[in-house]
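Novice: sequence first, predicted model second:
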Amino acid sequence: GSALNWGLLGPRLARTHRVLALDLFGHGRSGLPAAPGLAADRRMLHRFLTEVVGEPVVLVGHSMGGVLALQHTAEHPGTVDRLVLLSPPVPGTAGRLDLAMLAKRAVLRVPGV
C-alpha cells in the first residue's frame, strides 16, 4: 500500500482535522533510500514529524506502517498523542507463547497508553 490507500478516508478526515499521508520508502511515489529498510523508514517518519508537523500527532499506521508507527511511538512517545494501528503484521511465535509480546500488548490496552 501507499498514501494513495487513504484516498477515500483522507478527505473525509480532512473535513475536521489536518491530514498528512506519508509514503514509506519504495511505496507510492517515494523512491528508495541509499540503505532501504525499516530503520530508514523510522528515520524518515521521525524527521517528518519533528521538522514538518512539529507537534504531537494522531499517528495512523496500516499494515507495515502499523509496525513502523508502533516502533516510532515506543522510541519517541513525545511526538505521538494517539496511535491507531490497522492490520499490522504480528510476529509469529512458532507455536510458543511469547511472554514479552503478550506483556507489551497488555500494556497497550491500558487506557491512556
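Specialist: Structure received. Numbering: from 1, shown residues only.
Novice: I'd like to know which elements the longest helix that the chain contains is packed against.
Specialist: Longest among the helix segments of the chain by residue count, using DSSP state H, is helix 64-75. Helix 64-75 is packed against helix 38-47, strand 57-62, strand 80-86, with contacts defined by 3 or more C-beta pairs under 8 Å, 6 or more residues apart in numbering; DSSP states H and E. Every residue, glycine included, has its C-beta placed from N, CA and C.
Novice: can you say which of the ones you listed is nearest to residue 20?
Specialist: For residue 20, the closest of the helices and strands packed on helix 64-75 is strand 57-62, at 8.3 Å, according to C-beta to C-beta.
Novice: what does the longest helix of the chain contact?
Specialist: 1, 24, 38, 41-42, 45-46, 49, 59-61, 79-80, 83-89 (C-beta atoms under 8 Å, 6 or more residues apart in numbering).
Novice: and if you look at stretch 13-24?
Specialist: 2-3, 6, 10, 29-30, 41, 44-45, 48, 52-53, 58, 64-65, 68.
Novice: same thing but 10 Å
Specialist: Contacting residues not belonging to stretch 13-24 are listed as 1-7, 9-12, 28-31, 36, 38, 40-41, 44-45, 48-49, 52-53, 55, 57-61, 63-65, 68 [C-beta atoms under 10 Å, 6 or more residues apart in numbering].
Novice: picking that back up, the contacts of helix 64-75, buried ones only, as a ChimeraX selection?
Specialist: Buried subset of the contacts of helix 64-75, written as a ChimeraX selection, criterion 16 or more other C-beta atoms under 10 Å:
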select :24,41,42,45,49,59,60,61,79,80,83,85
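Novice: thinking again about what came up before, among the contacts of stretch 13-24, which ones are buried?
Specialist: 2-3, 5-6, 40-41, 44-45, 49, 57, 59-61, 64-65, 68.
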